[in-house]
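Asks: please work out how this folds:
(chains A and B)
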Amino acid sequence: MTVLEVNDVCVAPPDGAPLIEHMSFSIAAGEVLVVMGPSGCGKSTLLSWLTGTLPPGFSSRGTATIDGNRVDNLATERRRIGLVLQSDYLFPHMSVADNLLFGLRAGGRHDRRHRIEESLEHAGLGGFADRDPATLSGGQRARVSLLRTLMSEPAVLLLDEPFSRLDAARREQIRQFTWAQSAALPVLLVTHDLADVPDGARVLEIQARGQIAQSGVYSAQGAGDA
Amino acid sequence: MMSRAHNGLPGVALLVASCFLAPLMLGVFGTIWQAGSGDGLRAAITRLFSDPRLGPALNLTLFTGVVSSTLVVALTVVILVSAHGTRVWRALMAALPPLLAVPHAAIAVGIAFLLAPSGWILRWFSPWLTGFDRPPVAWTVPDASGWSLVIGLVIKETPFLVLACAAQLRSLDVDAALRIGRTLGYSPARSWSRLILPRLWPRVRLTFLVILAFNLAVVDMAILLGPGHPPTLAVWLVQLVSDPATRTLASTGALLLAILVALVAISVLMIEALLGHVAAARRRNGQRGHGFASARVLGQGVALIVMVMGMLSLVVLPLWSLARRWRFPDAWPSQWTLDHWVRRAGSILDPSLSTIGFAVLTAVLAVVAGIIWLEAERRGRMPRIDTLWYLPLLIPQTALLFGWQVAAIWSGVEGSWWLVLHAHWFYALPYVVLILASSWRELDPRWAHAAATLGAGYWKTLWRIRLPLLAGPVAQAAAVAASVSVAQYLPTLLLGAGRQATLATELVAGQGGMDRRSMSTLAVLQSLLPLLAFAAAVAWQGKRRMAASVNRA
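Replies: Here you go, the predicted structure:
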């Protein structure tokens, strides 16, 4: 079973106060860990550190392992950590199918095409393969974006406020879609909105510099402190 | 109710358009007319193609133009992929704009002083590494095969394309695209080739075609760095046009050069379409590739070499102008003097003043004309004609100026200073409009609405609100216009009929007959003027920013 373990992470910008200090946690496959906290508390910095995309000049220490194998010292593209951002970033010069094919790892040409058509069908987007991403609604774009990330077969999934740009009507539908699609993965969700948190998810509420203020397991009836 | 004071704007904008389009029409049709003025166009074409000098000139033009343009693109891609987002990139962004401002002729002289057998580069490594204690005879600059010209064009034009790309990258959200690409498992180079370059290229395609046209048709750099026997086609045509007996042949050749530029440009578009198909197929195959840190370091090294070569070609100029004694293989002059400056002061004063005069007037007139056009366009009184502004940059100067010269001779205005000024303005205006256009069009209209509700009329709003808010781009456009004017060689030579001497004409005329020290004094002066214009623009913008921050405080 895949497990992401993060140990004693510290991140600091050049000539600045640390953004994260001594942060540790682990996420098992099928588990959702939610990180919540005020702006500037280090949530996005944590995701940048995990994906290896910290801005130049930032210093960091600590380790991240997936199934015991260290990944924080690998290039971004070799970590197999999938990322879905607030904006969907569907590439505008590619069709919906090409965006998904871009995510899909190598395989036979027909098999690849078949797989993406099948997953589009499954996502309620049958017949959308050759559409220009610009012609899709926000909810459709969000689904394609998540599918593209999942096509790359990540070992861990990071979600950076992926529902915040969606209108209220579509938000719940996309949440359900996301949890169903990523059920087998360790998932780290960063959000401001408690409504985004699925039942049974572990919640870390953090203060400034990534310090954990409290943690607990969320249920729709109320979160209980651990 | 809006002010009616701007009702004359369309008329003035039409005047601007006429002053811009008239030389285009006169130039193209004048060249065609002159080509067919003898025994007809067919006879002129037969005569041109039977001339034994055409073949070698054509080959050399294609070689230097195509190879240098290909290298410019290749180096730009290498620089983008390897250096973007790094310290090297920040250094490039600071160092390249001044390099871009320096006229081609001055850079060409500097590059010759670097690459020559007795040049600065070899001096640094002699005799301790090369063993040379006197200049080798294995090569010359300019060389017979055109490589010196290729290197010169690459060093001068690569910064142009890199900066054009940098301006476009801001709107492509490169960092986010690279982040997504890399978290999907693609190496940085593949993320660039699949996600950024396909979107970037359409935005800089026209800039590349301008570079291609320039590299195929350049005259001043080709005289200074290109071989003399045979010269490039453009240089040969300029030699022909100076003799009234061969002007018909020159005009026919100018048309051929224009067709050659068009054919090469069409070939580029066809290659682009082909590569587009290949790239689209590769985007779908899912192959991730590997990132090679060493390749990235190598690419950054290439970026630094281009930048340092450009900078050194500028630094070597003042050294030579102040050197009394500089024996090979010394890396630095052993004795210094101001004699070359003092001795030449009398002869360089007039061309310097003339250059400054043309530069200042060109900057003022081009900026005013650009603002008039963009204001008329903004108010819906004139259409957007962005592609037309590029025409003077895409059509070889020979094809335009030979015809314009015919019209000038016919009307008896050849050699007048205002005709030369018009030519400088004509070549500076496209840059001014293209620099100002995006800021002018994107300025939030609510600023003007707010001023209007406070009782400000059209002119007051333009003068007190719009212009101060756009002072940065206006200053930058003025500096570019001045540097374009300082660099104009062929328009000054042909339309000035030898009566309007500027630093550009003196410098190019000195090739072959002038010593290094005299050439370098002219080149230093020619570089200094645009650099001062840029420094003034930057200082003025800095002063305004400082004043704004003090006011806010």
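Asks: quick check, B:V78 in a helix?
Replies: Yes: residue state for B:V78 (DSSP: H, G, I helix; E, B strand; the rest coil) corresponds to a helix.
Asks: burial count for the residue nearest to it when sequence neighbours are not counted?
Replies: The shortest distance from B:V78 to any non-neighbouring residue, by Cβ to Cβ, 6 or more residues apart in numbering or on different chains, is to B:G299 (4.6 Å). Every C-beta, even on glycine, is put in place using the N, C-alpha and C of the backbone. Around B:G299 there are 21 other residues, counting by other Cβ atoms under 10 Å in any protein chain shown.
Asks: let me see the contact set for B:G299.
Replies: B:78-79, B:81-83 (Cβ atoms under 8 Å, 6 or more residues apart in numbering or on different chains).
Asks: kindly report the same for B:V88.
Replies: B:82, B:300, B:303-304.
Asks: closest one to chain A out of those, please.
Replies: In terms of Cβ to the nearest Cβ, no member of the contacts of B:V88 lies closer to chain A than B:Q300, at 13.0 Å.
Asks: which of the helices and strands in the chain ranks last by mean pLDDT?
Replies: Using chain A here. Every helix and strand of chain A was ranked by mean pLDDT, DSSP states H and E. The lowest is strand A:224-225, at a mean of 44.
Asks: sorry, I should have been clearer: chain B.
Replies: For chain B, scoring each helix and strand by mean pLDDT, DSSP H and E identifies helix B:446-453 as the least confident one, at a mean of 77.
Asks: what residues does it touch?
Replies: Residues from elsewhere that reach helix B:446-453, judged by Cβ under 8 Å, 6+ apart: B:2, B:460-461, B:464-466, B:469.
Asks: which SSE is immediately downstream of that helix?
Replies: Remark: after helix B:446-453, the chain's next helix or strand is helix B:458-461, criterion DSSP states H and E.
Asks: quick check: next helix or strand after that following helix?
Replies: Downstream of helix B:458-461 (by DSSP H and E), the next one is helix B:467-469.
Asks: what is the following helix or strand past that next one packed up against?
Replies: Using DSSP H and E, the helix or strand that follows helix B:467-469 in sequence is helix B:471-487. Under the contact definition 3 or more Cβ pairs under 8 Å, 6 or more residues apart in numbering or on different chains; DSSP states H and E, helix B:471-487 sits against helix B:87-101, helix B:339-378, helix B:417-442, helix B:503-509, helix B:516-552.
Asks: would a markdown table of those with mean pLDDT and distance to A:W49 be doable?
Replies: Shown next, in a markdown table, are the helices and strands packed on helix B:471-487 (pLDDT from 0 to 100; distance: least, Cβ to Cβ, whole Å):
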| stretch | mean pLDDT | distance to A:W49 |
| --- | --- | --- |
| helix B:87-101 | 87 | 21 |
| helix B:339-378 | 93 | 46 |
| helix B:417-442 | 93 | 36 |
| helix B:503-509 | 94 | 55 |
| helix B:516-552 | 81 | 34 |
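Asks: among those helices, which is nearest B:G55?
Replies: Closest approach to B:G55 among these is made by helix B:503-509 (25.5 Å; Cβ to Cβ).
Asks: what residues does the closest one touch?
Replies: B:103, B:105-106, B:109, B:220, B:223-224, B:348, B:351-352, B:355, B:486-489, B:492-493, B:496, B:519, B:522-523, B:525-526, B:529.
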